[in-house]
Every structure is written in structure tokens, then in C-alpha cells.
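[1] just to be clear, the model below is a prediction. Sequence and coordinates:
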Amino acid sequence: MTETSNASQTYILFGVAGTTYAVQSREVLHMEMVEHVTAVPNAPVFVEGVVFSRGQVVPVVNLRARFGFERAPLDLRTRLLVVQHDGRRIGLLADDAREFTSIADSAISPPHEAIGGLSGNYLDGVATLGERIVLILNLREVVDTIPIAAA
């Protein structure tokens, strides 16, 4: 007997501008500290530049800029989440990455249409973990908005 009501996925939780976001852990190749990002001329405003990570040049998307927030200087808490989607490897620049956790499918609701319009289609859902609200990132939407030349 299978219990689909208890199904859950593992996620990596990270912060951007005071909000907690999550991506499925299977989509994250690795996470690392960021010391320096090399700027790339004529890149979209939300592409911070590129980094050399584990033998590859990886484009870096500043999630603060992507979501319309003011940029923040890099510090010891800043993390780069290197993700892969449809064969494209992208670094997501977050203010911090704090947790690896399991979220029950039943704890995730579709994003309300009012916030969907404000944030584009970047959200797959909204989860509640105790008293916290976690926004589940739609990685496909974030990655697919990056021009192929930048990625």
C-alpha cells in the first residue's frame, strides 16, 4: 500500500532579500561561497557575470536583481547555488543558504495569482514550515529567461 499523502521532496532553502526560497535538492549540483564574480559586458542586468567553478565557467544570476530587489555586496554568507536544468549550468547568487530539508507535498500550495503576477512565473508553490513561509522556485522559469549566450 502506498501513501501518496505523505510524499515529500528534499529542498535546499536559501534567502534573498529577507525571504526564504527553496529549490529541489536534486536540481542543485553544488553550493559554494563566492569571493569574486567577473563582470561580462552587455549581459542582462540580472546576470552578475561568470565564475570559475569546479573546472567550468558558470554564468551567475543575481537573484536579488532578477526579482527586482536592490543588489547587496557579497559577504561571507553569500552563496552560489550551481544548478543544472535542461543541460544548462547556472549559478544562482543568494544572500545565504541555510538548510537542507524535506517538505511534504501536502504543505505546498500553488502560488496565489496576486503574487504570481508580481514575481513572473518564478514560483512553483508556497510552502508552510511551522510559522515560516517558503517560496518554491520554478527553476525552469529562472534559467529559461537567461539568454543562451550568457549561459
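    Looks like it came in fine. Numbering: from 1, shown residues only.
[2] and after the strand or helix carrying residue 136, which helix or strand comes next?
    Taking DSSP states H and E as the definition, residue 136 sits inside strand 132-137. As assigned by DSSP H and E, the chain's next helix or strand after strand 132-137 is helix 139-144.
[3] give me the buried positions along that next one.
    For helix 139-144, burial by neighbour count (16 or more other Cβ atoms under 10 Å) applies to 139, 142, 143. Glycine gets a C-beta too; all of them are placed from N, C-alpha and C.
[4] redo these as TSV? Include pLDDT.
    Formatted as TSV, the buried residues of helix 139-144 follow (pLDDT from 0 to 100):
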residue	pLDDT
139	87
142	79
143	77
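[5] and residue 46, how many neighbours does it have?
    By other Cβ atoms under 10 Å, 20 other residues sit near residue 46.
[6] thinking it is in contact with residue 61, fair?
    Yes. Counting by Cβ atoms under 8 Å, residue 46 touches residue 61, with 5.8 Å between them.
[7] quick one: residues in contact with the strand holding residue 136.
    11, 13, 19-23, 103, 108, 111, 122-128 (Cβ atoms under 8 Å, 6 or more residues apart in numbering).
[8] for the residue lying closest to residue 39 once chain neighbours are set aside, give me its contacts.
    Spatial nearest neighbour of residue 39, excluding adjacent residues (Cβ to Cβ, 6 or more residues apart in numbering): residue 49 at 4.4 Å. With contact taken as Cβ under 8 Å, 6+ apart, residue 49 is in contact with 37, 38, 39, 40, 43, 59, 60.
[9] same thing with residue 50?
    37, 38, 40, 57, 58, 59, 60.
[10] again with residue 52
    residue 58.
[11] the contacts of residue 49, buried ones only, as a ChimeraX selection?
    The buried subset of the contacts of residue 49, as determined by 16+ other Cβ under 10 Å, is captured in ChimeraX by this line:
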select :37,43,59,60
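[12] in TSV, list the contacts of residue 49 along with distance to residue 53, pLDDT and secondary structure.
    Shown next, in TSV, are the contacts of residue 49 (distance: Cβ to Cβ, whole Å; pLDDT from 0 to 100; DSSP: H, G, I helix; E, B strand; the rest coil):
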residue	distance to residue 53	pLDDT	secondary structure
37	11	94	coil
38	12	95	strand
39	16	94	coil
40	15	91	coil
43	17	89	coil
59	10	94	strand
60	9	95	strand
